[in-house]
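Asker: Return a 3D structure for these sequence lines:
(one chain, ligands or ions: 2)
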Amino acid sequence: MPELVFFSGTMDCGKSTLALQIGHNRSARGLQGVIFTRDDRAGQGKLSSRLGLVTDAVEADEGMDVYAHIVDRVSRGGRVDYVIVDEAQFLAPVQIDQLARVVDDLGLDVFAFGITTDFRTKLFPGSQRLIELADRIEALQVEALCWCGARATHNARTVDGEMVVEGAQVVVGDVNRQAGEVGYEVLCRRHHRRRLTAETARAGTLSPDVLPVAADS
Ligand SMILES: Nc1ncnc2c1ncn2[C@@H]1O[C@H](COP(=O)(O)OP(=O)(O)O)[C@@H](O)[C@H]1O
Ligand SMILES: Cc1cn([C@H]2C[C@H](O)[C@@H](COP(=O)(O)O)O2)c(=O)[nH]c1=O
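Answerer: Numbers count the residues shown, from 1 in each chain. Ligands and ions are numbered 1, 2, ... in the order given. Predicted coordinates:
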């Protein structure tokens, strides 16, 4: 049975890498897929992984009917055996409904990859719809780690290493950003709740407040 599968995890846990691997293994066996993405860091119409691999993709712009795109391709004589969607959190809920229709009406597997929650721990609308509609939700096996060593479960947005909690839901960016740039850091829930990033934890341990006080001072 064809399925709508949602592979989810924090930023930097290997989602795009897995998307590329699934596509590679299928194309190695002669299958042809459509790869959609939205706002990849590498630019429009790209699916990129931090391991350095990148492939061309169809940019699923706002308002694009992804079901109609596939029907159109097939009706022009193109072959489509499966569908991959990266950065699926950025798709509109209606586009996720269209992906479910691709599975049910066209009989194609759809593999969607994305983060579930934003820097404020709120679901992205596209991810919420995927959780509501997916046949299966898969957590990635390679877990990203918080600076404390615990499994990272949440995405923090940072400026100069400090966690920020105000701003637009969508700001395309990466982990390990330069000073002054908006960046991201994955954290365990405990440290996300306390807004304790690697930088602020490091500064805390160096702070005079926590240095041992001499007995005679
Ligand atoms: N130099 C490296 N050597 C080995 N693995 C790496 C290297 N750089 C990145 N990675 C792996 O790539 C993962 C990020 O992959 P990516 O597909 O870009 O993540 P996502 O799409 O989930 O944000 C990291 O968690 C790490 O496991
Ligand atoms: C938490 C969060 C992330 N984003 C952006 C930042 C990146 O461009 C993507 C996630 O990409 P990845 O391949 O999973 O690393 O999402 C955002 O716009 N808003 C957020 O709150």
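Asker: in the sheet, who's paired with residue 85?
Answerer: For residue 85, the beta-bridge partners under DSSP bridges are residue 36, residue 112.
Asker: That one and residue 36 touch, don't they?
Answerer: Yes: judged on C-beta atoms under 8 Å, residue 85 makes contact with residue 36 at a distance of 4.6 Å. Bear in mind the C-beta positions are built from the backbone N, C-alpha and C, glycine included.
Asker: Quick one: mean pLDDT over stretch 15-34.
Answerer: Averaging pLDDT along stretch 15-34 yields 98.
Asker: Mind listing residues that contact that stretch?
Answerer: Outside stretch 15-34, the residues within contact range by C-beta atoms under 8 Å, 6 or more residues apart in numbering are 7-9, 35, 40, 47-51, 53, 55, 58, 69-70, 73, 78-84, 86, 111, 113-115, 140.
Asker: Surely residue 158 is within a strand?
Answerer: Yes: applying DSSP: H, G, I helix; E, B strand; the rest coil, one finds residue 158 inside a strand.
Asker: How about it: what's its closest non-neighbour residue?
Answerer: By the measure of C-beta to C-beta, 6 or more residues apart in numbering, the closest residue to residue 158 outside its immediate chain neighbours is residue 183, 4.9 Å from it.
Asker: Quick one: check the helix or strand hosting the one you found for contact with ligand 1.
Answerer: Per DSSP states H and E, residue 183 falls inside strand 182-187. No: Strand 182-187 does not reach ligand 1 (C-beta under 6 Å from any ligand atom); its nearest approach is 9.0 Å.
Asker: Tell me where the protein has helices.
Answerer: Assigned by DSSP state H, the helices in the chain fall at 15-28, 66-75, 93-106, 125-133, 189-193, 198-206.
Asker: can I get those in a markdown table with mean neighbour count and distance to ligand 2?
Answerer: Below are the helices of the chain laid out as a markdown table (neighbours: other C-beta atoms under 10 Å; distance: least, C-beta to the nearest ligand atom, whole Å):
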| stretch | mean neighbour count | distance to ligand 2 |
| --- | --- | --- |
| helix 15-28 | 18 | 5 |
| helix 66-75 | 16 | 19 |
| helix 93-106 | 18 | 16 |
| helix 125-133 | 20 | 11 |
| helix 189-193 | 17 | 11 |
| helix 198-206 | 13 | 16 |
